[in-house]
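A.B. asks: Need a 3D model of the sequence below.
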Amino acid sequence: MKKLGIVGSILVGAMAVVSSVQAGEISVGERIIGLEVAAAKIQADTYGPTGEYDHTGDDVEYGLRLGAQNKEWRTLLVVDYFDSSNDDQQYVKGLVTFDYLIMQESAFKPFIGVNLGYISYSTSNPVTGDGDDSGFLYGGQAGFLYRLAENIQMDVSYRYSFSEANSVNHTEGIVFGINYIF
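C.D. replies: From the prediction side, this is the model:
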């Protein structure tokens, strides 16, 4: 519960920073609420910080997103949940993403961006029974946006994030998002 509080605090702080930096652009830009699903992988040391990231877990990651965009930039606050019960790895991560839209006048908009956030990771250690860890994330993403209708937008991207947590090396995934624009 403490870790979820930390993730929530980071997201609230990031939202305050993003709001103050882009306050003028948000008022004339578009606001976003959406969902995402990803074919995700995590590279982690399943049984604690032994110095070897000996296990790759892959499963579906689900998330919620809030954000804003204008013609050149998109900023999202994302909360994702991953539970790979086959290999006993779970995480919740909160990210702030900043994307630069490359072809602003096109309906098909490629983008490249950066992300930063926090991960709360857990697994079972058969010896100690404890496999919880958490730390900061940072990385990048690239993909494209496409406007399906006036208020509906989809995006597909590849996201990669390094982790500062002792037991987690990185997460990655092919992300599909659907956004309501208002």
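A.B. asks: I'd like to know how far Asp133 sits from Ile152.
C.D. replies: 38 Å (C-beta to C-beta, to the nearest Å). To be clear about C-beta, it is placed using only N, CA and C from the backbone, and glycine gets the same treatment.
A.B. asks: Please compare the two by neighbour count and tell me which comes out ahead.
C.D. replies: Asp133 (21 against 13; other C-beta atoms under 10 Å).
A.B. asks: Run through the bridge partners of that one.
C.D. replies: Taking DSSP bridges, one finds Tyr121 as the beta-bridge partners of Asp133.
A.B. asks: Distance-wise, check it relative to Val175.
C.D. replies: 23 Å.
A.B. asks: Okay, strands next: where are they in this structure?
C.D. replies: In the chain, strands defined by DSSP state E lie at 30-44, 55-69, 73-84, 89-101, 108-123, 133-149, 152-163, 168-181, listed in chain order.
A.B. asks: and those strands, which one is worst for confidence?
C.D. replies: Of all these, mean pLDDT reaches its minimum on strand 55-69 (a mean of 93).
A.B. asks: now for it, which elements pack on it?
C.D. replies: In this structure, strand 55-69 packs against strand 30-44, strand 73-84, strand 89-101, strand 168-181, with contacts taken as 3 or more C-beta pairs under 8 Å, 6 or more residues apart in numbering; DSSP states H and E.
A.B. asks: so how far is His55 from Val79?
C.D. replies: 24 Å.
A.B. asks: do the same with Gly63
C.D. replies: For Gly63 relative to His55 (C-beta to C-beta), the value is 22 Å.
A.B. asks: Pick out whichever of those two has more residues nearby.
C.D. replies: Legend: neighbour count by other C-beta under 10 Å for Gly63 and His55, higher for Gly63 (23 against 18).
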